[in-house]
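> Turn this into a model:
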Amino acid sequence: MKTLVLILAMILSAAPSTVYTFKVHNIDGKTLDLKKYKGKKILIVNTASKCGYTKQYADLQKLSDAYKGKLVVIGFPANNFGGQEPGENLNIKEFCQKNFGVTFPLAEKSSVKGADINPLFKYLTTAENPDFTGEIKWNFEKFLIDENGKLVHRFRSAVTPMSPEITKYL
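Model (predicted):
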């Protein structure tokens with residue numbers, strides 16, 4: 001029993017406490033260390049190119065432009081819902097730039113749920129926040145991170161990027 005308690009204590013102490021412990025690959029395959037955004041808010045969004053919410057890319061870009069210097073938007077393309085992100089990284093990047101003028105950072109295509117979940121999304125879906133925890137339900141869920149790297153709010157897909165539900169925290 002004592003051994004089990006020690007193992008659980010080690011596991012819990014190893015759990016990340018901020019997003020700054022994560023490094024991901026951007027859409028070009030380069031390392032993106034989230035620690036570089038310390039002191040800014042971050043809006044992390046799981047995205048898809050063939051979804052009813054895809055038009056939110058335009059509002060994500062508007063949000064990024066409107067709060068430049070205070071907020072970083074990062075899109076994470078994922079194909080977890082209805083095969084709505086079938087493309088490869090280069091196709092996704094070109095689609096976002098051509099159709100929505102996206103200049104905010106995009107991560108490489110990754111999984112946001114299931115056995116192969118990206119570790120960042122494992123953290124985000126289990127981290128305490130005043131809204132809710134648990135598995136992502138659909139594309140374009142949003143996670144608002146404060147200037148200290150803590151998840152402070154989570155929004156479902158239908159909450160648009162420029163809505164007061166989000167902007168009141170910026």
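> Show me which helix or strand of this protein is least confident by mean pLDDT.
Scoring the helices and strands of the chain by mean pLDDT, DSSP states H and E places helix 2-14 at the bottom, with a mean of 54.
> Show me the strands in this structure, by range?
23-25, 31-33, 41-47, 71-77, 142-145, 151-155 (DSSP state E).
> For the last one, give me every contacting residue.
Counting by Cβ atoms under 8 Å, 6 or more residues apart in numbering, the neighbours of strand 151-155 from elsewhere in the structure are 19, 124, 127-133, 141-146, 165-166, 169. Using the backbone N, CA and C atoms, a C-beta is placed for each residue, glycine as well.
> Convert that strand to CSV, retaining C-alpha atoms only.
Taking C-alpha atoms only, strand 151-155 is exported to CSV below (Å, rounded to 0.1, in the frame of the first residue of the first chain):
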residue,chain,number,x,y,z
LEU,A,151,-6.1,27.2,-18.3
VAL,A,152,-8.7,29.8,-17.2
HIS,A,153,-11.6,29.2,-19.5
ARG,A,154,-12.8,26.6,-22.0
PHE,A,155,-15.4,27.2,-24.7
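> I'd like to know the average pLDDT value across it.
For strand 151-155, mean pLDDT is 97.
> could you give the angle of that strand to strand 41-47?
Following axes from the mean of the first three to the mean of the last three Cα atoms, to 10 degrees, one obtains 40 degrees for the angle between strand 151-155 and strand 41-47.
> chain center to strand 151-155: distance?
Going by Cα atoms, centre = their mean, to the nearest Å, the spacing between the C-alpha centre of strand 151-155 and its chain's C-alpha centre is 10 Å.
> mind listing what that strand pairs with, with the direction of each?
strand 142-145 (antiparallel) (DSSP bridges).
> low pLDDT regions in this protein?
1-15 (pLDDT under 70).
> Geometric centre of it: which residue is closest?
Ile44 (2.7 Å; Cα atoms, centre = their mean).
> How about the nearest residue to that one once chain neighbours are set aside: which residues does it bridge to?
Using Cβ to Cβ, 6 or more residues apart in numbering and skipping residues adjacent in sequence, the residue nearest Ile44 is Phe143, 4.4 Å away. Note on Phe143: beta-bridge partners Ile44, Arg154, judged by DSSP bridges.
> in the protein, which spans are helices?
2-14, 56-66, 89-100, 119-126, 164-167 (DSSP state H).
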